[in-house]
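In: A predicted structure for the sequence below; I have some questions about it.
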Amino acid sequence: MRRLVHISDLHFGRDRPELLEPLREAVNQLGADLVVISGDLTQRATVVQFKAAAAFISALAPPVLAIPGNHDLPLHNLIMRVFTPWRRYRKWINADLNPKFVDEELVVVGVNTVNRFAWQQGWLRSRALRRISAEFSSSGEDRTCIVVVHHPLEHQPGERKTLMRNAALGVQVLSDCGADVVLSGHLHSWRADPFAIVAGRMSALQVHAGTSLSNRLRGEVNDFNLLEIEKGKITIRHHVFSDETSSFTTAASVTFDAGPQGWQRNLAP
């Protein structure tokens with residue numbers, strides 16, 4: 001079994017400082033094999049904010065795979081956004097904007113979905129889809145295949161943000177290449193459900209994390225996910241922050257089983 005912590009939308013610069021130590025402590029106590037950060041480490045991509053994000057990452061015990069979000073791109077500095085958009089991110093977080101992690105049981109592929117010319121929407125590029133397909137096709141049947149993006153591939157009804165460009169194509173390609181899980185953020189809301197449910201197509205799991213540190217809660221709570229991954233079975237434990245205890249605790253748990261048409265919720269009591 002592998003244990004993967006999924007956090008997102010830290011938004012250093014608009015964070016709740018009182019949550020920083022409880023989050024670090026909660027993550028380090030879980031004994032995870034990997035921590036995934038699905039974008040928006042900063043609020044405005046300043047040096048001070050990137051330094052704070054880098055310090056937080058260095059305090060985590062497990063290895064960390066992070067990808068950028070749209071807030072990690074300079075918004076108001078148009079020249080930097082166009083010509084050197086990732087200079088600060090590369091210096092303080094990771095020179096690789098599309099990192100990957102592979103071991104005996106997992107292959108985790110990070111994808112930069114930020115579009116500097118459409119700051120909020122996002123874009124899943126065709127070359128990224130080709131890379132994902134190649135990584136998963138060579139991974140073997142014994143590994144769970146996970147994609148990390150900032151922008152989700154599917155929105156709930158009523159969502160005001162624009163769906164990522166090429167999302168529909170991405171759903172089809174990920175189904176065809178055997179993706180098991182898509183980890184995302186951006187919406188500051190929690191969700192864990194099968195998606196891409198179409199006859200004749202394998203469904204994957206889309207797992208959103210809300211925001212782990214930001215004060216932009218949008219009616220939800222600060223949170224992160226723990227994924228417990230076994231062959232043919234994935235349990236997702238939703239950890240939320242309690243102001244009463246000043247700590248992150250498990251608020252919900254849901255298990256999914258692999259079936260003939262992909263991942264399905266386990267309804268056993």
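Out: Alright, I've got the coordinates.
In: what is the burial count for Asp143?
Out: To be clear, residue 143 is Arg; Asp isn't right here. 20 (other CB atoms under 10 Å). The C-beta positions use only the backbone N, C-alpha and C, and glycine is treated the same way.
In: now it, nearest residue through space, not along the chain?
Out: Val107 (4.9 Å; CB to CB, 6 or more residues apart in numbering).
In: and Thr211, by the same measure?
Out: Distances taken as CB to CB, 6+ apart place Asp9 nearest to Thr211, at 3.9 Å, with adjacent residues excluded.
In: list the buried residues of the host helix or strand of Phe241.
Out: In the assignment (DSSP states H and E), Phe241 maps to strand 233-242. For strand 233-242, burial by neighbour count (16 or more other CB atoms under 10 Å) applies to 234-241.
In: remind me what that strand packs against, helices and strands.
Out: helix 20-29, strand 204-208, strand 223-230, strand 247-259 (3 or more CB pairs under 8 Å, 6 or more residues apart in numbering; DSSP states H and E).
In: looking at that strand now, give me its mean pLDDT.
Out: Strand 233-242 shows a mean pLDDT of 97.
In: widest-spaced pair of the buried residues of strand 233-242?
Out: Pairwise distances across the buried residues of strand 233-242 (CB to CB) peak at 23.5 Å, for the pair Ile234 and Phe241.
In: does Ala251 touch Ile236 like I think?
Out: No - with contact defined as CB atoms under 8 Å, Ala251 does not reach Ile236; the gap is 11.5 Å.
In: show the pLDDT at Val198.
Out: Here the pLDDT value assigned to Val198 is 62.
In: ok so the residue nearest to Arg143 is a helix residue?
Out: No - looking at Val107 with DSSP: H, G, I helix; E, B strand; the rest coil, it is strand, so not inside a helix.
In: counting neighbours, what do you get for it?
Out: Val107 is flanked by 21 other residues according to other CB under 10 Å.
In: distance of it from Gly170?
Out: 17 Å (CB to CB, to the nearest Å).
In: same deal with Ser253?
Out: Ser253 is 28 Å from Gly170, by CB to CB.
In: and those two? Which one has more around it.
Out: For Ser253 and Gly170, the more surrounded residue by other CB under 10 Å is Gly170, and the numbers stand at 27 against 12.
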